[in-house]
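Undergrad: Okay, sequence plus prediction incoming.
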Amino acid sequence: MWKLIRLEWKKNNIKKYLMSAAILIALLAFFMFAQCYLVIANDADTGVPDSAPGMGNMAVQIELFTNLSFLVFTAVMLSSFIIAAFHDKTENLMFSYPIRRQKILISQMLAVWIFCLVMLICAKLAIYTFLIASAGRKADFPLGYDMGQVSFYIQLILKSVLTVTLGFIPLYIGRIMNSSKAAIISSFLLFTIMNGTVGDFSLRSNTVLPLALFTISLLCAFLTVCRIEKKDIN
């Protein structure tokens, strides 16, 4: 399996995605720095930091923007690795190899999942560290996190796993509709659902919804793989 994953990285020119992820991380880090230290969030009339309800510290904002960015990034990569290959019929070449088609598809999904998970964790750690290193400046928002606690890293990893795994829902939608655009658009809609508010109730702080979506994501991954033989015949 590991050889197939490495083959997928090589075939799809993973260096291109590595460069794109690095640029994305740099842009997010600069935006978070500006939000925290360059008073771009201050109201022009009052000078008071203006933020959405529940986003009064940097930890919440970092999680929000990194998760959104890499959920879409994951959907884009899955679209390129899998959906576009089916749409362009280039996947037929891979299926001509003496390897089970399900194994090939699983290796493609894992290639994207592993890469995006590592990049998302690196992005969060880089931004969290960058803001702490800049803590000598006057901050508009409290940081709201402590990198000296083990629980910080456990939550970071768990949230990153959840975010990247959610990419299997847009993948399944994109495969059904045979459209990369549908996969990418559905990733935006999925994130909107996760972070929506109904009156004073915020879905972001709800613990049941992420668990439900995580279960649905695994189900979508299973359906994408188990039905590959039938889908290919049709």
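TA: Yep, that arrived.
Undergrad: From now on I want contacts and neighbour counts done on CA atoms only, so please keep to that.
TA: OK.
Undergrad: Check which element follows the helix-or-strand element of the chain with minimal mean pLDDT along the chain.
TA: In the chain, the helix or strand scored least confidently by mean pLDDT, DSSP states H and E is strand 201-202, which has a mean of 54. For strand 201-202, the following helix or strand on the C-terminal side (DSSP states H and E) is helix 208-226.
Undergrad: and L78, what does it touch?
TA: Residues near L78 by Cα atoms under 8 Å, 6 or more residues apart in numbering: 109, 112, 167, 171.
Undergrad: Let me know the helix or strand that it is in.
TA: Applying DSSP H and E as the criterion places L78 in helix 58-78.
Undergrad: just F141 next, same as before
TA: Under DSSP H and E, no helix or strand contains F141.
Undergrad: Could you do A22 as well?
TA: Using DSSP H and E, the element containing A22 is helix 14-37.
Undergrad: Would you indicate which residues of that helix are buried?
TA: Neighbour counts over helix 14-37 (16 or more other Cα atoms under 10 Å) mark 14, 17, 21, 24-25, 28-29, 31-33, 35-37 as buried.
Undergrad: show me the biggest helix of this protein in terms of residues.
TA: Longest helix of the chain, by residue count under DSSP state H: helix 101-133.
Undergrad: buried sites along that one?
TA: Result for helix 101-133 [16+ other Cα under 10 Å]: buried residues 101-102, 104-113, 115-117, 119-121, 123-124, 127-128, 131.
Undergrad: by contact count, what packs against it?
TA: Judged by 3 or more Cα pairs under 8 Å, 6 or more residues apart in numbering; DSSP states H and E, helix 101-133 is in contact with helix 2-11, helix 14-37, helix 58-78, helix 91-95, helix 150-165, helix 208-226, helix 228-233.
Undergrad: How far off centre is it?
TA: 8 Å (Cα atoms, centre = their mean, to the nearest Å).
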